[in-house]
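Engineer: build me a model from this:
(chains A and B)
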Amino acid sequence: MSSIGIVGEAGRENSFVLLQIGHRRVALPAAQVAELAPPVRLHTFPHKTPLLAGVIVRRGRIVPVIDTEPVLGGKSPLSHRFYLIAHREIGGANELGAIPVNGECELANGEVQPPAMDRPAYVAGTLAVGEDSVDVLNLDAFSTHSSAEASR
Amino acid sequence: MTSATRLGEEANAGAQASRRGRRSETVVLFVVANQMFAVAADSVHEIRSTDSIAGAANEIDHPELPKVRHTIERSGHTYYVVNACMHFGLPVTRPSLVMILRRFRAALLVDRIDRMAEISGVYPLPHAFMGDERRWYRGLAYLDDSVIPVVEPRGFLTPQEFQRLDLAQKEAARREAEAAVQA
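Structural biologist: Model (predicted):
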């Protein structure tokens, strides 16, 4: 699926982008998705924020890259095929964040069910896709997700 | 117009708006443990080799601040020498230069100076960065296809750390004076 295909459908309610991150299939509300970007250079520098791999430069903006590996497993952020760039709300500000995606992305429609009590904060709910049930990510929660929780 | 085009235009408009808020400046690019950083050129008072100031350096021991092991005297002021590797949590190297900061009683041990450069502005650090780096960096620069953190000179030592170092410094001076009297 092309990036235009994803973005063009992004306005639909109950519309989700299914992603393959590591070995996990997860979903993200399509309305949050800005674009699917090629695997441009990841710039890294010292910092102390967990679950951040570095930044990429996209359309003249510096976009932080979320390191999903400790939470969702999979390979390092350096080995992926795309960056999925999505809107996040952090500290009352709206900014873009990128997730390394290493598989195909596709659109799915459905109703989100609330997450089970024991699910981590980054799971906003579950989405039934065929016979599967995939976690819907809450990207905003990644910023506050502690390393301890990541290892659960 | 497709949504993709609209989003692209919005992104470009946002990028242009953020560019308007920036102004160009001259920076010194320096390297610590193979990581490049930038500091505003007008924040740097002088750069000396570690060998050249070895005689003017005094040891200071503060167990809670292992990144500061020495002080140097310049123009009647005591500067605390911060090991940049330890400050940024990088592998410790053998620094060859001391960058003495202006308007601030701190100096920085670095591996080498890369060059001076003109940057078109400093991008704010994205809000996603929430750790000590918010104190360490003024923002990010984009230069020669690389994103380089622009350090905040005041971020090397907090006012509380200065206070503790000043106390340790006074205590060391007192002990030194007592030892001299006994000798």
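Engineer: okay, and for the chain, where does confidence drop off?
Structural biologist: Picked chain A for this. Applying pLDDT under 70 to chain A flags residues A:1-12, A:74-80, A:143-152.
Engineer: um, chain B though
Structural biologist: B:1-21.
Engineer: so which residues of it form helices?
Structural biologist: Remark: helices assigned in chain B by DSSP state H are B:3-20, B:50-53, B:84-88, B:133-136, B:159-182.
Engineer: what's near enough to touch the residue of chain B found nearest chain A?
Structural biologist: Nearest residue of chain B to chain A: B:G131, at 3.0 Å (C-beta to the nearest C-beta). Any C-beta I mention is one placed from the backbone N, CA and C, and that applies to glycine too. Taking C-beta atoms under 8 Å, 6 or more residues apart in numbering or on different chains, we find B:G131 in contact with A:H47, A:K48, A:T49.
Engineer: same list, these, but only the ones touching chain B.
Structural biologist: Contacts with chain B are made by A:H47, A:K48, A:T49 out of the contacts of B:G131, judged by C-beta under 8 Å from any C-beta of the partner chain.
Engineer: distance of the closest residue to the last one other than its chain neighbours from B:L125?
Structural biologist: Computed as C-beta to C-beta, 6 or more residues apart in numbering or on different chains, the closest residue to A:T49 that is not its neighbour in sequence is B:G131, at 4.4 Å. As defined by C-beta to C-beta, to the nearest Å, B:G131 lies at a distance of 11 Å from B:L125.
Engineer: which stretches in chain A count as strands?
Structural biologist: A:15-21, A:24-29, A:33-37, A:52-58, A:61-66, A:82-90, A:93-101, A:106-109, A:112-113, A:123-129, A:132-137 (DSSP state E).
Engineer: of all those strands, which one comes closest to B:G121?
Structural biologist: strand A:61-66 (11.7 Å; C-beta to C-beta).
Engineer: list the contacts of B:L65.
Structural biologist: By C-beta under 8 Å, 6+ apart, the neighbours of B:L65 are B:E161, B:R164, B:L165.
Engineer: what about the spatially closest residue to the second one that is not a sequence neighbour, neighbour count?
Structural biologist: Read that as B:R164. Counting by C-beta to C-beta, 6+ apart, B:H62 is the residue found nearest to B:R164 once chain neighbours are left out, at 6.4 Å. Other residues lying near B:H62 total 18 when counted by other C-beta atoms under 10 Å in any protein chain shown.
Engineer: just give the nearest non-adjacent residue to the residue in chain A positioned nearest to chain B, would you?
Structural biologist: Distances between chain A and chain B by C-beta to the nearest C-beta are smallest at A:K48, namely 3.0 Å. Spatially, and ignoring its direct neighbours in sequence, A:K48 is nearest to B:G131 (3.0 Å; C-beta to C-beta, 6+ apart).
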